[in-house]
Structures are given as C-alpha cells and as structure tokens.
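Asker: Sequence plus the predicted model coming up.
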Amino acid sequence: GGRGEATCVMKCKLCSRENSVDIIDGSLEKYTMADNNKFKTIIAFDCRGMEPVEFSPRNGWKVCGYKEDEDDDETGRLTGTEFADIDLTELEWADYDERSNESTMISEFESKFIVIKSK
C-alpha cells in the first residue's frame, strides 16, 4: 500500500511504527450557550496506534457575544459581537461586549477524550 494522509503522523522511536491521528470528516461541531456546563463532543478523531490523553486549547478560538434574559436563565440571544483569535491557554478568557454592555467570559474550561465506536 501507498501512504495515506493524516492530520498528525508520528513514528515510534522504539519500534519505528508509524502512528496517526486524523480528524473525521464532518465531525466538527459548535459549542453554544445551550451546551453551557455540559460535556459535548465537538470533534472526533480516527486514532491509529496512539491515544490522545490531554487537550490544550491554546489560541485560534472564536467567541460570539451572548446576552442572557434577565427573567429566565434558560433563554437569551446572540449580541452579534464576534471575538476572534481567542487564547484559551490559561483555560479562561474574558472581554467586554459593547453591544450588550456586559462582560463575556469563558471559565472553568474542561475537556475529556472518550472512545466512540466507528460505524
């Protein structure tokens, strides 16, 4: 066989085996305010010979401003403000949304990897 392509290919220094991780097409999902305080699968990987154990979010994220309804914690609306190239290296971020006149923040960032069976 020929060599395929993958998002990440690493060769083991001990056994010289090539291992790979590839993003499964169509698996990228948004994390929205409706998902707040819940774990949600936002991407799926095809892992061959290796297993991810920790996620470091770093930079390049996009955040959309959101204003909660003052009478109901379950409802709200997007403000139309977009914050680009957000750095989550410290696992938190905050800025001021001038359209809602409120701060916008991400805090208590957590992630985990789970095994999903392929179809």
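Answerer: Done, it's in.
Asker: residues in contact with the closest residue to residue 17 other than its chain neighbours?
Answerer: Excluding the flanking residues, the one nearest residue 17 by CB to CB, 6 or more residues apart in numbering is residue 49, at 6.1 Å. Placement of C-beta: from N, CA and C, glycine included. Taking CB atoms under 8 Å, 6 or more residues apart in numbering, we find residue 49 in contact with 12, 17, 18, 19, 20.
Asker: How about the contacts made by the last one?
Answerer: In this structure, residue 20 makes contact with 4, 6, 7, 8, 9, 10, 46, 47, 48, 49, 50, judged by CB under 8 Å, 6+ apart.
Asker: Mind pulling the model confidence for the third one?
Answerer: By that I understand residue 7. On the pLDDT scale, residue 7 is placed at 88.
Asker: neighbours of it, just the number please.
Answerer: 11 (other CB atoms under 10 Å).
Asker: list the contacts for it?
Answerer: Residue 7 sits next to 20, 21, 22, 23, 45 when contact means CB under 8 Å, 6+ apart.
Asker: right, and out of these, which lies closest to residue 59?
Answerer: The shortest approach to residue 59 among these belongs to residue 23, at 18.2 Å (CB to CB).
Asker: Could you tell me how many residues sit around that closest one?
Answerer: 14.
Asker: residues contacting it?
Answerer: Contacts of residue 23 (CB under 8 Å, 6+ apart): 7, 43, 44, 45, 46.
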